[in-house]
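Peer 1: dropping the sequence and predicted coords here.
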Amino acid sequence: MTIAKLPSPPYYAVIFANQRTAIDDEGYGAMAARMEELAAKMPGYLGFESARGEDGFGIAISYWESEQAIANWKKVGEHLEAQRRGRADWYEGYDVRVAKVERSYAMKRD
């Protein structure tokens, strides 16, 4: 995973903080890859970043042009199924936060 290349703000971030269960790592990985692939095809999608610790805690952030683009993504059938499976099998718990990014800056070593 790398740092997403994003346009200048403003844009929106959907921050998904979660704690994994020990159930079905293979199925989870396949579904996560499919969601990333599917989201990238949605109008208004800007990018994605994620990280997971050995303790199962993870953060996934998707970036979007607008709140409407986020709402459209939330209604996609395969995404709804992934959410259902997440609640049933893959997560001990999660928080979703939607934020408007108004400013950003970066540092890169040469």
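Peer 2: Looks like it arrived, so ask away.
Peer 1: skip the chain neighbours and tell me the closest residue to residue 39.
Peer 2: Spatial nearest neighbour of residue 39, excluding adjacent residues (CB to CB, 6 or more residues apart in numbering): residue 45 at 5.5 Å. Bear in mind the C-beta positions are built from the backbone N, C-alpha and C, glycine included.
Peer 1: that neighbour and residue 28, how far apart?
Peer 2: Per CB to CB, to the nearest Å, residue 45 is found 21 Å from residue 28.
Peer 1: now do the contacts for the nearest residue to residue 86 once chain neighbours are set aside.
Peer 2: Using CB to CB, 6+ apart and skipping residues adjacent in sequence, the residue nearest residue 86 is residue 94, 7.3 Å away. Going by CB atoms under 8 Å, 6 or more residues apart in numbering, residue 94 touches 16-19, 86.
Peer 1: surely residue 64 meets residue 48?
Peer 2: No: counting by CB atoms under 8 Å, residue 64 stays clear of residue 48, with 10.3 Å between them.
Peer 1: comparing these two, which residue is more hemmed in?
Peer 2: residue 64 (24 against 16; other CB atoms under 10 Å).
Peer 1: give the contact list for residue 89.
Peer 2: Residue 89 touches 21, 23-24, 27-28, counting by CB under 8 Å, 6+ apart.
Peer 1: ok, so of those residues, who is nearest residue 12?
Peer 2: residue 28 (25.4 Å; CB to CB).
Peer 1: residues of the strand or helix carrying that closest one that come out buried?
Peer 2: Taking DSSP states H and E as the definition, residue 28 sits inside helix 25-39. Across helix 25-39, burial judged by 16 or more other CB atoms under 10 Å covers 28, 31-32, 35, 38-39.
Peer 1: would you mark the buried spots in the helix or strand that it is followed by?
Peer 2: Tracing the chain past helix 25-39, the next element assigned as helix or strand by DSSP H and E is strand 45-52. Using 16+ other CB under 10 Å as the test for burial, strand 45-52 gives 45-49.
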